[in-house]
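# my questions concern the predicted model and sequence given below.
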Amino acid sequence: MNSYENIKQVLTEVIEKEDVTVTFLLSQPEDVSHGDYATNIAFILGKVRKTSPQECAKNLIPQLKEKLSEIVEKIEIAGPGFINFFLKDEVRTKEVKELLNISPEKPLLSFLNNQTIVCEYTDPNPFKLFHIGHLVPNTIGEALSRIYEQVGAKVERFCYQGDVGMHVATTIWGIENMKEPNPSAEDTLRNKVAYLGRGYVYGTQALKDNPPIKEEIININKHIFEGKEHKLYEDGKKWSLGYFQNIYDKLGTVFDYFIFESEVWQAGKKLVKENTPKVFEESEGAIVYKGEKVGLHTRVFINKEGIPTYEAKELGNCLRKEELVPGHNLSVVISGNEISEYFKVIKSALGEIYPEYAKKLLHISHGMLRLPEGKMSSRTGDVIPAEDLIDEVKSRLSERLEKSESTDKEQLANDIAVGAIKFSILRQAPGKDIVFEIDKSISFEGDSGPYLQYTHARLCTLLEKAKSLGISDSSEIILNPEKELEQVLLGYSKTLEKSYKDLGPHHIIQYLIMLTRSFNGMYGRTQIVDGNDKEKSAYYVMLSKATKNILAHGLHTLGIKAPERM
RNA sequence: GCUCUCGUAGUUCAAUGGAUAGAAUUCAAGUUUGCGGUACUUGCGAUGCAGGUUCGAUUCCUGCCGAGAGCACCA
């Protein structure tokens, strides 16, 4: 039992003796001078007793002191009635030493032991560009998946892709009519996909200029929906998927399952049909769900052509996940916030048919990624491909990378560029739009991915130097304990817990920035590796190693690589 | 018009109903003979407006003002 659990238990015992059932908080104060832990228990008790929090605190302190004398240096009342706990230095340092054993490979916490979570994210559509907007759900989805894994869950990663529908038919029509030769077989995937993109732009524009061609596109759509043979369709899908895989490799995502709309639309349509008019109803030739009855709005699930829309396909998607991972405990879907309202309708409809499925469905929405230069548009052709953005970030790093000590500079460039982008996405709470400024993201100064990675790389070389000088990492001599750094280090698992409970990877980012700042503070005022005083050095080396461990663990949990050389 | 999300330093972001509202950046002033200075320290600077609940509100409730997204066969 660590000191946190110990104090929490004692507080629980004390409050039980008072014969009140309340929930109190025990947390780390932001300010070191307020001690290692603080509780609001006196406020809660004061409310019940109708006495002042200070008075309650005063009454509690003697028994707390007695029960915690082993680990606590002092206990104080502070401010309007907080009780602050100051650990004995040796107790705190001992707990910091235990951090030397943590590794990203094994889960740090166990809230979700034996639970399985299905997590769907990224969801690019074949035949369309993998644009910078897809980087957001991918980054958030990967980070949340890893957070779930770090609290003990088994996560099955899903990618759901729209390989049928009007966007596909429009692309095919465009390619067939735009009078451009097919790419040769040995051409790069990137070029082949760009070719598909031009087909989509051409088709969209033609449809706008000449609405009657919609008939032709609808015919292509039906043809593909019915699963009939189509050479261009087969090729195009293969190119797209191959290209997507290259990007997943760069981003560091390994999906367990890919679901295609073409394999779930029948099931979705069937479910809707079977539940009409019980759940759905016919309206103007289409089959709709009247969301108004639960405070939402009406949405079309099957259009009057008899083709299922996004909504019905999503129902099929839910059923498919249940088939692939039977009995999973939670199903998370990460998507843009423009879908939020639709998703509520889908969830409500599903809930009328399969309440147990709807109950475990969790939708997490995110904002758009915007570049200061201008707005994105998916129809006019000025969409920015994700790969172009990664390349642009890489090229701006090139000057820095010339003096790098790394042996694989291409890999390093990718890791820093992707890390910079991911950091920018994860640094704020999911939901709001993200303004991505390339130069700030790679600045190496201030809040940035490269800043964290660089601190990690410096720690690695520092520790190697210590090792080569024969300095151990477990000194018994601690003259001036680095209280602040130790406290921050001990706060990591609480931060991870908070990130899990809030579904907010940004808490980890905030924490890592605080950690590196705190470490760099010590680095600036102390000589860590000192061959002339190995005993004293050992303590600082221990702190450095713990910092490196936590930093590596945090970055890994966010899906950001932590290179050992930069 | 209706629904949802959101208004915090000049700018980009934080803050389970709690202590002096934190960071970063910009600007100004410093530190460092020592391991990667791509560091560290100090200063300037903010809760849209008006009520309410509470010992305590950036957080919860109501109204107003402002921004974005969605509102029937696209995804």
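Alright, I've got the coordinates.

# who are the packing partners of the helix or strand encompassing residue A:240?
Taking DSSP states H and E as the definition, residue A:240 sits inside helix A:231-251. Counting contacts by 3 or more C-beta pairs under 8 Å, 6 or more residues apart in numbering; DSSP states H and E, helix A:231-251 is packed against helix A:135-150, helix A:166-177, helix A:189-209, helix A:386-402, helix A:409-426. Glycine gets a C-beta too; all of them are placed from N, C-alpha and C.

# could you export those as JSON lines, including mean neighbour count and mean pLDDT?
Formatted as JSON lines, the entries for those read as follows, by neighbours: other C-beta atoms under 10 Å; pLDDT from 0 to 100:
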{"stretch": "helix A:135-150", "mean neighbour count": "25", "mean pLDDT": "96"}
{"stretch": "helix A:166-177", "mean neighbour count": "22", "mean pLDDT": "91"}
{"stretch": "helix A:189-209", "mean neighbour count": "18", "mean pLDDT": "89"}
{"stretch": "helix A:386-402", "mean neighbour count": "16", "mean pLDDT": "88"}
{"stretch": "helix A:409-426", "mean neighbour count": "22", "mean pLDDT": "93"}
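
# of these, which is nearest RNA strand B?
With C-beta to the nearest atom of the strand as the measure, helix A:166-177 is the member of the helices and strands packed on helix A:231-251 nearest RNA strand B (4.2 Å).

# who are the packing partners of that closest one?
Secondary elements touching helix A:166-177 (3+ C-beta pairs under 8 Å, 6+ apart): helix A:189-209, helix A:214-225, helix A:231-251.

# can you do 6 Å?
In terms of contact count using 3 or more C-beta pairs under 6 Å, 6 or more residues apart in numbering; DSSP states H and E, helix A:166-177 is assigned the packing partners helix A:189-209, helix A:214-225.

# the longest one near RNA strand B anywhere?
Yep, that's helix A:189-209 we're talking about. No. Figure legend: helix A:189-209 not in contact with RNA strand B (C-beta under 7 Å from any atom of the strand); closest approach 10.6 Å.

# which residues sit in contact with the nearest residue to residue A:266 once chain neighbours are set aside?
Leaving out its chain neighbours, the residue that sits closest to residue A:266 by C-beta to C-beta, 6 or more residues apart in numbering is residue A:316, at 7.1 Å. For residue A:316, the contacting residues are A:264-265, A:267-268, by C-beta atoms under 6 Å, 6 or more residues apart in numbering.

# rerun at 8 Å
Contacts for residue A:316 (C-beta atoms under 8 Å, 6 or more residues apart in numbering) come out as A:261, A:264-269, A:271, A:308.

# gap between it and residue A:323?
When distance is defined by C-beta to C-beta, to the nearest Å, residue A:316 is 10 Å away from residue A:323.

# again, but for residue A:12
Separation of residue A:12 from residue A:323 (C-beta to C-beta): 44 Å.

# and residue A:512, by the same measure?
39 Å.

# what about those two, which has more around it?
More neighbours sit around residue A:512 than around the other of residue A:512 and residue A:323, counting by other C-beta atoms under 10 Å; the figures are 27 against 9.

# low-confidence ranges in chain A?
Along chain A, segments meeting pLDDT under 70 span A:19-22, A:373-382.
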